[in-house]
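Novice: here is my input, please return the structure:
(2 chains)
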Amino acid sequence: MLERLISEAPRFFNYYNTVFLLQAMGNTLLMTVIGCGVGFILGFIIVYLRRSEGLAWLPVRMVLIAYVETFRRIPFLVILFIVLFGVQGIGIQVSLFGVAMISIAIIATAFISEIIRAGFDSIHQTQWDTASAMNFNRLQTLWYVVLPQSWKVILPPAFAFMVMFIKDTALASQLGVVELTFAGKILANRGISAILVYGTILALYFALSYPLTRLGAWMEKRFASPGNH
Amino acid sequence: MPHLEITDLSAAYEADAKVLKDVNMTVDKGEIVSLIGPSGSGKSTLLRVLMGLLRPVGGQVVLDGDAIDYTSKSSLRHVRDRCAIVFQQYNLFQNMNVMRNVSIAPIKIKGWDKKTVEAEAADLLAKVGLADKHKAYPDELSGGQQQRVAIARALALKPEVLLLDEVTSALDPELVNEVLDAIRVLASEGMTMIIVSHEMAFVREVSSKVVMMDEGTVVEAGPPAQIFDAPKTRRAQEFVSKILRH
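Specialist: The predicted structure is shown next:
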């Protein structure tokens, strides 16, 4: 078996397959990073709006809570299909890659907003009161006082979520998005040993997620201790 | 005309339980008014209401002739522009060093010139004895040092009225005096202050007026000599005799 793998390796790692795999790897990374990036921004907005006060904002708060609670509970694959058939139903032209990215953003928004909410909740009410007594408005309080202190609570689970999602993007292969898993399937179908192909795919997933984990740890160190921001 | 006039002020954390009941009080410019009374009598709540951290349910607060509408954002901004509060637990921003704690609101919120603010902040920090701590973070400071930073931070906003909410209660006994000394300096400079304190000797020394509160109401108000030596009401007599016993 080992001999077979060694004899197949030069044929497998030719220029075209390598470029093909790297592109697929890029797609996986891009989907995850953009989806989670959008999720982070929208998640922040959701938390901000959920902290609004007054009866007038109650409907908005309820819709947002319903969104978060619903989309944290639907499997990613189902969301993918809903988005796919949804955009087709409305008649908008969106590439499969776009569909996958929108789906990731939808789920990431729901999950990351909960992570950010936990981060903000970890900051004692007295910090908010002190800032209001000094005439900080809510956004200024968040930006100058609360967010810098909540990174240490937000960053570890946020990066864990993103690294986990790198793996989950494999489900987008069901739609035909050429990401790492789908690329592996194509190459395996060409008759290259599945062990060689998926072994390589495994290594590439690791090559994607390990630096992300390291980046998370670095950012945590960089942002989460006073004196560094 | 008094600088600050509080009329029939009421407040409640929950709808059916008032923690302030028809409080009346005046504070003149340059006056130091101390609020005393047992825990839970509404002293700290009164300061929170004045700063708009708890919305009153009745009554009126007039600052320099303007009635404050605590439901209006601009009115709130106005009162917070002119009054500053120092809390029992210091509440320094943990993510900022001492200099930034003191200078952030004047620079970012008031929009004052950064260089001028930082020079003034340095003066204030020197005044409270922390000239060498500009770069320190709150968790590197003792409680007394943190509280003095909090006082400098409040002063950097150039308030007309300074509210001090039990600023020495959380401190170790040996650190209390360093904070009280900082307040003595302010008193000598004519700062208008409302002080909530359990340090009776200090209250007696610096106050121009002492207001005794109990169960959300004002029991008796008058000069320190009256409240401590010859209180007129029975409740004040009881309270004073209890504190003077030890």
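Novice: mind saving the C-alpha coords of stretch B:17-33 as CSV?
Specialist: The C-alpha atoms that make up stretch B:17-33 are tabulated as CSV, following Å, rounded to 0.1, in the frame of the first residue of the first chain:
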residue,chain,number,x,y,z
ALA,B,17,-40.8,50.4,47.3
LYS,B,18,-39.6,54.0,47.5
VAL,B,19,-36.0,54.5,48.6
LEU,B,20,-36.2,58.3,48.6
LYS,B,21,-39.4,60.0,49.9
ASP,B,22,-39.9,63.7,49.4
VAL,B,23,-36.3,64.7,50.1
ASN,B,24,-35.7,68.5,50.4
MET,B,25,-32.3,70.0,50.5
THR,B,26,-30.4,73.0,49.2
VAL,B,27,-26.7,73.4,48.4
ASP,B,28,-25.1,76.8,48.0
LYS,B,29,-22.1,77.6,46.0
GLY,B,30,-18.9,76.7,47.8
GLU,B,31,-20.9,74.8,50.5
ILE,B,32,-19.9,71.3,51.6
VAL,B,33,-23.0,69.3,52.5
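Novice: output the below-cut-off pLDDT ranges for chain B.
Specialist: B:245-246 (pLDDT under 70).
Novice: and it, which residues reach chain A?
Specialist: B:51-53, B:77, B:80-81, B:84-85, B:87, B:89, B:91, B:93-97, B:104-105, B:108-110, B:137-139, B:157 (C-beta under 8 Å from any C-beta of the partner chain). In short, each C-beta sits where N, CA and C put it, glycine included.
Novice: list buried residues within the residues you listed.
Specialist: B:51-53, B:80-81, B:84-85, B:87, B:89, B:91, B:93-97, B:104-105, B:108-109, B:137-138, B:157 (16 or more other C-beta atoms under 10 Å in any protein chain shown).
Novice: which of these fall within helices?
Specialist: B:80, B:81, B:104 (DSSP state H).
Novice: phi, psi of residue B:192?
Specialist: phi -80, psi 130 (degrees, to the nearest 10).
Novice: contacting residues around the residue nearest the centre of chain A?
Specialist: In chain A, the centroid-proximal residue (C-alpha atoms, centre = their mean) is residue A:36; its distance is 3.1 Å. For residue A:36, the contact set (C-beta atoms under 8 Å, 6 or more residues apart in numbering or on different chains) comprises A:104, A:105, A:108, A:112, A:158, A:161, A:162, A:165.
Novice: going through those, which ones are buried?
Specialist: If we count by 16+ other C-beta under 10 Å, the contacts of residue A:36 have these buried: A:104, A:105, A:108, A:112, A:158, A:161, A:162, A:165.
Novice: the first one reaches residue A:35, doesn't it?
Specialist: What that stands for is residue A:104. Yes. Contact status for residue A:104 versus residue A:35: in contact at 2.8 Å, counting by C-beta atoms under 8 Å.
Novice: okay, and the common contacts of those two?
Specialist: Joint contacts of residue A:104 and residue A:35 (C-beta under 8 Å, 6+ apart) are residue A:165.
Novice: check the spacing between residue B:185 and chain A real quick.
Specialist: 22 Å (C-beta to the nearest C-beta, to the nearest Å).
Novice: surely that residue and residue B:129 touch.
Specialist: No. The criterion here is C-beta under 8 Å, and residue B:185 misses it with residue B:129 at 10.0 Å.
Novice: so what touches the longest helix seen in chain B?
Specialist: For chain B, the helix with the greatest residue count under DSSP H is helix B:173-188. For helix B:173-188, contacts defined as C-beta under 8 Å, 6+ apart pick out B:32, B:127-129, B:142-144, B:147-148, B:151, B:155, B:162, B:164, B:167-168, B:171, B:193, B:195, B:199, B:202, B:206.
Novice: only C-alpha atoms, please: export that helix in CSV.
Specialist: Extracted in CSV, the C-alpha atoms of helix B:173-188 (Å, rounded to 0.1, in the frame of the first residue of the first chain):
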residue,chain,number,x,y,z
PRO,B,173,-8.0,52.2,57.7
GLU,B,174,-4.4,53.3,57.1
LEU,B,175,-5.4,54.5,53.5
VAL,B,176,-8.4,56.5,54.6
ASN,B,177,-6.4,59.6,55.6
GLU,B,178,-4.6,60.0,52.2
VAL,B,179,-8.0,60.2,50.5
LEU,B,180,-9.5,62.5,53.2
ASP,B,181,-6.5,64.8,52.8
ALA,B,182,-7.2,65.1,49.1
ILE,B,183,-10.7,66.1,49.9
ARG,B,184,-9.5,68.6,52.5
VAL,B,185,-7.5,70.4,49.9
LEU,B,186,-10.6,70.7,47.7
ALA,B,187,-12.6,72.0,50.6
SER,B,188,-10.0,74.7,51.3
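Novice: now find how far off-centre it is within its chain.
Specialist: Relative to its chain's centre, helix B:173-188 lies at 14 Å (C-alpha atoms, centre = their mean, to the nearest Å).
Novice: after that helix, which helix or strand is next?
Specialist: strand B:192-196 (DSSP states H and E).
Novice: quick one: distance of that next one to the chain centre.
Specialist: On C-alpha atoms, centre = their mean, the centre of strand B:192-196 falls 5 Å from the chain's centre.
Novice: cool, and stretch A:106-126?
Specialist: Using C-alpha atoms, centre = their mean, the offset of stretch A:106-126 from its chain centre is 15 Å.
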